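> Okay, structure incoming, though there's no sequence with it:
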C-alpha cells in the first residue's frame, strides 16, 4: 500500500531555514520578508551549489536594493519606480552575468519600494543584512542538516537504465532479424527514453560529486560510487551503439537459419543479463561472444573473396554484427568488478 509522503529533505530544510532566518530578523528588528525570500531560493540540491550561487546572489541583491533606493528617491512610490527598478536590476544582473541572482535581486528591488518610508541609506544596509542572513542560514542548514545523498537514487536509476537497455536491445535486434527494422517508431521511443534517464542519472552523479567535497563518502561507499560512474559510462556507450542501429536503414539481411538462431540466442542472453543481473554468467557470455566473432569474420572473409575490389560501403550484416559485438563487450565490462 502506497503512503503519502508529506515532505522531502529539501522541503524540510527550507522550512527550517525560513524559521531560523525569520527568527533572527525579528530579534534584530529587521523586516524578515527579504531574508526569507533569499533563504527559500538558496536551498540547492548540493551544498556546493548553495555556496556558489550564494556568492552570486549577494551582489545581485545589493544591485537590486541600490536601484530601489535610487529610483524611490527620484520618483517616490510610483509605478515608474517599480518599472525602472525591475528593468535596471534585470539588465545589470544580465550584463554582469549574475544569472543565478537575477530572480531574488528583482524581487528584493520591487519589494523594497513598498517598505522604504524614511532614512533611505539605513534601509539599504538593512536589506544587505537581511540578504546576508538568508544566504548564511540557508547554506548552513543545507550543509549541516540532512546532507544530500544521491547514492541510493543513482543505484535505482542504473537498475532502470540496465533493464530498459535490455528491452531496447531485444526489440531492435528482433526487428532486424525479422526484417521489420523499417518500423522504427517504437525503437526511437525506447532510445529517447533511455537518453532522458541517462541524462538524469548523469546529473545526479554530478550532484553527488559536488556534495562529496563537503561530505566525503566512506571507503566502501566511495568504491561503489566509482563503480556506478563506470557502469553509467558503459550504459551510455551501449545506448550509442543501439542508436547507430535504430537510426540506420538496412535492406533485408541475408543470414542462414543457423546464424540467425545463434544471433537471436546471443541477443536474448545479453538482454536477460541486463534486465536481471543475477542471470549474468561470464563463461556463457564469452562463449556467445566467440560464436558472434566467428560469424563476423566469416562474413568479412566471404565478402572480400566475392569482390575483386573492397566494397565502398560496409554491408548491413557486418554493421549489425559489429554493433552487437561492441555491445557484448560493453556488457562484460559493465559487470566487471573494480580492482
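Noted; the coordinates are in hand. Since the model is a prediction, treat every value here as computed from it, not as a measurement.
> Which of the helices or strands spans the residue positioned nearest the centre of the chain?
With distances taken as Cα atoms, centre = their mean, the residue of the chain nearest its centroid is residue 203 (2.4 Å). Counting by DSSP states H and E, the element that carries residue 203 is helix 185-212.
> For that helix, list every residue counted as buried.
187, 190-191, 194, 197-198, 201-202, 204-205, 207-208, 210-212 (16 or more other Cβ atoms under 10 Å). (C-beta placed from N, C-alpha, C; glycine too.)
> How far off centre is that helix?
In terms of Cα atoms, centre = their mean, to the nearest Å, the gap separating the centre of helix 185-212 from the centre of its chain is 6 Å.
> and that helix, what other elements does it pack with?
When contacts are defined as 3 or more Cβ pairs under 8 Å, 6 or more residues apart in numbering; DSSP states H and E, helix 185-212 packs onto helix 47-75, helix 151-177, helix 219-246.
> so how far is the second one from its chain's centroid?
Computed by Cα atoms, centre = their mean, the chain-centroid distance of helix 151-177 equals 17 Å.
> angle of it against helix 219-246?
Put simply, helix 151-177 runs at 20 degrees to helix 219-246, going by axes from the mean of the first three to the mean of the last three Cα atoms, to 10 degrees.
> Next, work out how far apart the residue lying closest to residue 324 once chain neighbours are set aside and residue 234 are.
Nearest residue to residue 324 in three dimensions, chain neighbours excluded: residue 292, at 6.2 Å (Cβ to Cβ, 6 or more residues apart in numbering). Using Cβ to Cβ, to the nearest Å, residue 292 is found at 18 Å from residue 234.
> And residue 144, by the same measure?
Applying Cβ to Cβ to residue 144 and residue 234 gives a distance of 36 Å.
> Give me the more crowded residue out of the two.
Set side by side, residue 144 and residue 234 show more neighbours around residue 234, with 20 against 10, by other Cβ atoms under 10 Å.
> Quick check, the more buried one in contact with residue 330.
Yes: look at residue 234 against residue 330 with Cβ atoms under 8 Å: they come within range, at 4.9 Å.
> How many neighbouring residues does residue 297 have?
Residue 297, neighbours per other Cβ under 10 Å, totals 11.
> What helix or strand is it located in?
With DSSP H and E as the criterion, residue 297 is inside helix 282-306.
> now that helix: mean pLDDT?
Helix 282-306 shows a mean pLDDT of 78 in the predicted model.
> how much does the helix or strand following it deviate in direction from helix 151-177?
The helix or strand immediately downstream of helix 282-306 is helix 316-334, counting by DSSP H and E. For helix 316-334 against helix 151-177, the angle by the same axes, to 10 degrees is 160 degrees.
> So which bits of helix 316-334 are buried?
For helix 316-334, by 16+ other Cβ under 10 Å, it's 316-317, 319-321, 323-325, 327-328, 330-332, 334.
> cool, and stretch 161-180?
Across stretch 161-180, burial judged by 16+ other Cβ under 10 Å covers 161-162, 164-166, 168-173, 175-177.
> Look up how far residue 57 lies from residue 49.
For residue 49 relative to residue 57 (Cβ to Cβ), the value is 11 Å.
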